[in-house]
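Colleague: With the sequence up front, the predicted model follows.
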Amino acid sequence: MKKLLCGFALFLASANAISQKYEFQPVKDIPCEPVISQDATGTCWSFSTTSFLEAEILRKTGKHVDLSEMYNVRHTYPKKVYNYVMRQGHAQFGEGGLSHDVIYSAKEFGLMPQSAYSGLTPGSDKYNHQQLEKELEEVAKKNATSKSPDAAQWKAEVSTILDKYMGVEPADFTFEGKKYTAKSFLEMTKLDLSDYVTITSFTQSPFYSNFILDIPDNFAYGSFYNLPLDEFVKNIDNALEKGYTLALDTDVSEPTFSGKAGVAVLPENTADAAAILSEIKPEKNVTQEFRQHEYENFDTQDDHLMHIVGKVKDQKGNLYYKVKNSWGTDAKSVANGGFVYMSVPYLKLKAISVMVHKDGLLPATKKALKI
């Protein structure tokens, strides 16, 4: 009997060691602006990258600035229509985009604070671009299939649609008692938009090359620096350690990515898919080959962008990236105040790319990339 009791006690101890509820502790916290919601839009790319630029302004100047996400969106939608029309429909059209689209927009059109341009029409307090996208797509498709489209006319139609659903942007505005244009406001932020680079890790192009990544939302044909997987992760870690945040493009279609649970994890055993959302379980070992395989069979796609602002660890010492999401803060639908704790294996497999200040890169990487 004594042996049976001892055996049962050992079993319970073993079970508790294997299955433990997550207890997270902060490891690295980099200041960022509060979590907000993209609402019913596919504009995570602007919410994440705008948050990234806000953190950069805070890092460089100590100033908290609430930038307008929709100002970037407003100036990117016409480019998406143009791309679709000029490729005669042989292109993707939709609300999606990537971090470099925000940088391109800011370089050409500047930035605005949220107080100057919210992108909401009078009486609206939440974003919804479903009808906006539908009407833009109608204009794009009609002119892409026309034998002789009138560019001046369809561009005017696009502008009218944007005014109707996003409001008219001001020519100038007042911020903290001073008058600015979008261009002079960008100058005030002290951001140097040429400082930002995007790194990734795939084998279809040589490592340390600069190439155009073949993903649907890369309509602007932005280029990416290619690194071996381990070096890709080391550069993310280096940036965070030095106080730089990163804009993240990743796949969130896995059942083990959960805003409601507040974790993104990669179970070694598929049978643990449900339990791992609340309990520590063994995770996969992700290799360069496995990452490439998942990308090329479409199990890894670029379907969401977020903002990496730090690290946490669980009670076993496993590290997770603290990722700021744009799904709001309602505790009924998200955990951790809207942040997601992403395990290292999940990031290694599912992160498409990250944008970071070039000084956040390892010196050896900068040298190899000739940055």
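Modeller: Yep, that arrived. Residues are numbered from 1 along each chain as shown.
Colleague: What segments of the chain are helices?
Modeller: Shown for the chain, the helices assigned by DSSP state H span residues 2-18, 44-61, 69-86, 99-109, 130-144, 151-166, 182-189, 229-241, 288-296, 344-350, 363-369.
Colleague: a markdown table for those helices, including mean neighbour count, distance to residue 202 and mean pLDDT?
Modeller: Every C-beta, even on glycine, is put in place using the N, C-alpha and C of the backbone. Formatted as a markdown table, the helices of the chain follow (neighbours: other CB atoms under 10 Å; distance: least, CB to CB, whole Å; pLDDT from 0 to 100):
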| stretch | mean neighbour count | distance to residue 202 | mean pLDDT |
| --- | --- | --- | --- |
| helix 2-18 | 9 | 35 | 44 |
| helix 44-61 | 24 | 19 | 98 |
| helix 69-86 | 22 | 23 | 97 |
| helix 99-109 | 21 | 17 | 98 |
| helix 130-144 | 17 | 29 | 97 |
| helix 151-166 | 16 | 34 | 97 |
| helix 182-189 | 17 | 32 | 98 |
| helix 229-241 | 19 | 9 | 98 |
| helix 288-296 | 16 | 6 | 98 |
| helix 344-350 | 23 | 12 | 98 |
| helix 363-369 | 14 | 15 | 98 |
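Colleague: Reformat those as TSV; add distance to residue 93.
Modeller: What follows is the helices of the chain, written out as TSV (distance: least, CB to CB, whole Å):
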stretch	distance to residue 93
helix 2-18	48
helix 44-61	15
helix 69-86	4
helix 99-109	14
helix 130-144	5
helix 151-166	12
helix 182-189	26
helix 229-241	30
helix 288-296	23
helix 344-350	25
helix 363-369	32
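Colleague: Which one of those lies nearest to residue 28?
Modeller: Using CB to CB as the measure, helix 229-241 is the one of those that comes nearest residue 28, at 5.5 Å.
Colleague: For the closest one, name the packing helices and strands.
Modeller: strand 196-200, strand 246-250, strand 304-313, helix 344-350, strand 351-357 (3 or more CB pairs under 8 Å, 6 or more residues apart in numbering; DSSP states H and E).
Colleague: Name the surrounding residues that touch the first one.
Modeller: To tie it back to what came earlier, the one meant is strand 196-200. The contact list for strand 196-200, computed with CB atoms under 8 Å, 6 or more residues apart in numbering, reads 99-100, 103, 213, 222-227, 232, 235, 352-358, 361, 369, 371.
Colleague: Now do it against helix 288-296, angle only.
Modeller: Interaxial angle of strand 196-200 relative to helix 288-296 (axes from the mean of the first three to the mean of the last three CA atoms, to 10 degrees): 100 degrees.
Colleague: still on that earlier bit, just the buried subset of the contacts of strand 196-200, please.
Modeller: Among those, the ones that count as buried by 16 or more other CB atoms under 10 Å are 99-100, 103, 213, 222, 224-227, 232, 235, 352-358, 361, 369.
Colleague: now residue 286, nearest residue through space, not along the chain?
Modeller: residue 348 (4.0 Å; CB to CB, 6 or more residues apart in numbering).
Colleague: which residues does that neighbour contact?
Modeller: The contact partners of residue 348, taken as CB under 8 Å, 6+ apart, are 229, 233, 286, 291.
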